[in-house]
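S.K.: generate coordinates for the sequence data below:
(one chain, ligands or ions: 1)
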Amino acid sequence: MNNPVIPNRHAFDELFAREWAISQREEHDISVLMVDIDRFSQYNDVYGHATGDLCVGTVARLLAGSLRQPSDFIGRYDGATFVVLLPATPIEGAERVAIRMSRAIYDADLLHIQGIGGRVTVSIGVASKRGDDEVAKTLLDRADANLHYAKSQGRNQYWMG
Ligand SMILES: Nc1nc2c(ncn2[C@@H]2O[C@H](COP(=O)(O)OP(=O)(O)OP(=O)(O)O)[C@@H](O)[C@H]2O)c(=O)[nH]1
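M.R.: So this is what the prediction gives:
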């Protein structure tokens, strides 16, 4: 499904390449978050795909509303997974965004009877550039690995590794 409120992965890839080059040139920090809706296949099973689509849109709006800087970006990575790009942001700032996003989704109290606490939650993997020799792909890979670790630890949490 194309979600009108949120850019797609292609838009993210282009922006990420640009912002990565800037971060290398200017020696800026840069951080990425991968955000995935928990137990979403079960959500679709219980409430149906059309309601699932609405839920994806609601989550997208709540996540976007958790961003504070004009240069922050959120896109849909694939399925129920979003990717967030935080230019010029160190790990401490990225953690604050992860906490804000986690709370925004939890506090919205969107019913999901098979979800954590009976509501829709998200798991988040956070990663920040480690040094000038890191390449863009490993930053994304680390965010993804941290997302999977957050899932393995019970979901509804973020992990920075
Ligand atoms: N309704 C709806 N479902 C979607 C959309 N995009 C992805 N999905 C579904 O989201 C589910 C994602 O499943 P997974 O990420 O594998 O796992 P999960 O059920 O979310 O469980 P965990 O991620 O392990 O918590 C799949 O069932 C997809 O079909 C969408 O736009 N609308």
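
S.K.: quick one: the residue lying closest to residue 89 once chain neighbours are set aside from residue 131, how far?
M.R.: Excluding the flanking residues, the one nearest residue 89 by CB to CB, 6 or more residues apart in numbering is residue 31, at 4.7 Å. The C-beta positions use only the backbone N, C-alpha and C, and glycine is treated the same way. Distance from residue 31 to residue 131, counting by CB to CB, to the nearest Å: 14 Å.

S.K.: who's more crowded, those two?
M.R.: When neighbours are counted by other CB atoms under 10 Å, residue 31 comes out ahead of the other of residue 31 and residue 131, with 27 against 5.

S.K.: show me what contacts the more buried one?
M.R.: 85, 86, 89, 90, 91, 93, 94, 126, 127, 128, 129 (CB atoms under 8 Å, 6 or more residues apart in numbering).

S.K.: in three-state terms, label it for me.
M.R.: strand (DSSP: H, G, I helix; E, B strand; the rest coil).

S.K.: which residues does it form beta bridges with?
M.R.: residue 86, residue 128 (DSSP bridges).

S.K.: re the thing from before, which one of the contacts of residue 31 is nearest to the ligand?
M.R.: Among the contacts of residue 31, residue 126 lies closest to the ligand (CB to the nearest ligand atom), at 16.7 Å.

S.K.: how about the nearest residue to that closest one, chain neighbours excluded?
M.R.: Closest to residue 126 by CB to CB, 6+ apart is residue 160, at 4.5 Å.

S.K.: residue 124 contacts residue 150, correct?
M.R.: Yes: the pair residue 124 / residue 150 is scored as a contact, 6.2 Å apart, by CB atoms under 8 Å.

S.K.: ok, how many other residues are close to residue 124?
M.R.: 28.

S.K.: now do the contacts for it.
M.R.: 33-36, 98, 101-102, 146-147, 150, 157-159.

S.K.: again with residue 16
M.R.: 32, 85, 136, 140.

S.K.: which of the residues you listed lies closest to residue 118?
M.R.: residue 32 (30.2 Å; CB to CB).
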